[in-house]
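[1] Build me a model:
(2 chains)
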Amino acid sequence: GENVEQHPSTLSVQEGDSAVIKCTYSDSASNYFPWYKQELGKRPQLIIDIRSNVGEKKDQRIAVTLNKTAKHFSLHITETQPEDSAVYFCAASMGGGGADGLTFGKGTHLIIQP
Amino acid sequence: GAGVSQSPRYKVAKRGQDVALRCDPISGHVSLFWYQQALGQGPEFLTYFQNEAQLDKSGLPSDRFFAERPEGSVSTLKIQRTQQEDSAVYLCASSFSPETQYFGPGTRLLVL
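    From the prediction side, this is the model:
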């Protein structure tokens, strides 16, 4: 089955700086890669996703890049703010009509230092 | 509109008890997923429904775990003879489009 590795496990950045979280996946059949933000005790919230026919996607301060050849994808957050502090999870699936559960990484605890 | 809801939000069970966890998906969402999230870990896939059909149950950890969605809407995850290792947050997610999954708040289960 699919295996998703995520690094780093903890990331501390100064407010206003950029943060980058990296993930690798093992199954070349995976074609859908979402990122979720989870605050303590809350539900995971989808913040951005990318499909395998696209190399990069941006939404305001958030961007995701995908390298299918290397089987890795990254989340980039620019101009970080205190409210960005949370645990971020990457995930992968084969999509295909929603007929596939997500395989998650172990998460990155992002800490924004004021 | 209303998001995915789950009940109860917290459940304490004695080892050996049976528990039932409920998920109300977003109206019109045909796909429904259950995940288990241990403390400090990412969610792990348990099972998937499309309407009332359970299409994938490969993630259920043992035959003590059973899920159903008889009318293609509300789903129930049942755990029989609970064990301490079952303590976790159980998350439900629903989807309308092929991939995008929206999560509920989860049920935090503690088995003593």
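
[2] Contact residues of chain B facing chain A?
    Proximity of chain B to chain A (Cβ under 8 Å from any Cβ of the partner chain) is limited to residues B:4, B:30-31, B:33, B:35, B:40-48, B:50, B:55-56, B:59, B:91, B:95, B:97-106. No exception for glycine: its C-beta is placed from N, CA and C like everyone else's.

[3] Would you map the strands across chain A?
    Using DSSP state E, the strands of chain A run over A:4-7, A:10-14, A:19-25, A:32-38, A:45-51, A:56-59, A:62-67, A:72-77, A:86-92, A:103-104, A:108-113.

[4] tell me how far the shortest one is from the chain's mean position?
    Strand A:103-104 has its average C-alpha position 11 Å from the chain's average C-alpha position, going by Cα atoms, centre = their mean, to the nearest Å.

[5] Please work out which residues outside that strand touch it.
    Strand A:103-104 is contacted by residues A:1-4, A:25, A:30, A:36, A:89-93, B:42-45 when judged by Cβ atoms under 8 Å, 6 or more residues apart in numbering or on different chains.

[6] Sheet-wise, list the partners of it with their directions.
    Here strand A:103-104 has these sheet partners by DSSP bridges: strand A:86-92 (antiparallel).

[7] Could you list the low-confidence segments of chain B?
    Filtered on pLDDT under 70, chain B yields the residue ranges B:1, B:97-98.

[8] Enumerate the residues of chain A near chain B.
    A:6, A:32, A:34, A:36, A:42-46, A:49, A:51, A:89, A:91, A:93, A:95-107.

[9] now do 10 Å
    Counting by Cβ under 10 Å from any Cβ of the partner chain, the residues of chain A close to chain B are A:1-2, A:4, A:6, A:9, A:31-34, A:36, A:38, A:41-46, A:49, A:51, A:87, A:89-91, A:93-107, A:109.

[10] Which residue lies nearest the spatial centre of chain B?
    residue B:34 (3.7 Å; Cα atoms, centre = their mean).

[11] just checking, residue B:76 is part of a strand?
    Yes: assessed by DSSP: H, G, I helix; E, B strand; the rest coil, residue B:76 belongs to a strand.

[12] ok, what's across the strand from it?
    residue B:22, residue B:68.

[13] That one contacts residue B:20, correct?
    Yes: counting by Cβ atoms under 10 Å, residue B:20 is a contact partner of residue B:76 at 5.4 Å.

[14] Now the common contact residues for those two.
    Counting by Cβ atoms under 10 Å, 6 or more residues apart in numbering or on different chains, the common neighbours of residue B:76 and residue B:20 are B:66, B:68.

[15] List the contacts of the spatially closest residue to residue A:26 that is not a sequence neighbour.
    Using Cβ to Cβ, 6 or more residues apart in numbering or on different chains and skipping residues adjacent in sequence, the residue nearest residue A:26 is residue A:3, 4.3 Å away. For residue A:3, the contacting residues are A:24-27, A:92, A:103, A:105, by Cβ under 10 Å, 6+ apart.

[16] Residue A:39 now?
    Residue A:39 sits next to A:45, A:83, A:85-87 when contact means Cβ under 10 Å, 6+ apart.

[17] Surely residue B:44 touches residue A:105?
    No: the pair residue B:44 / residue A:105 is not scored as a contact, 11.4 Å apart, by Cβ under 10 Å.

[18] Cheers, nothing more for now.
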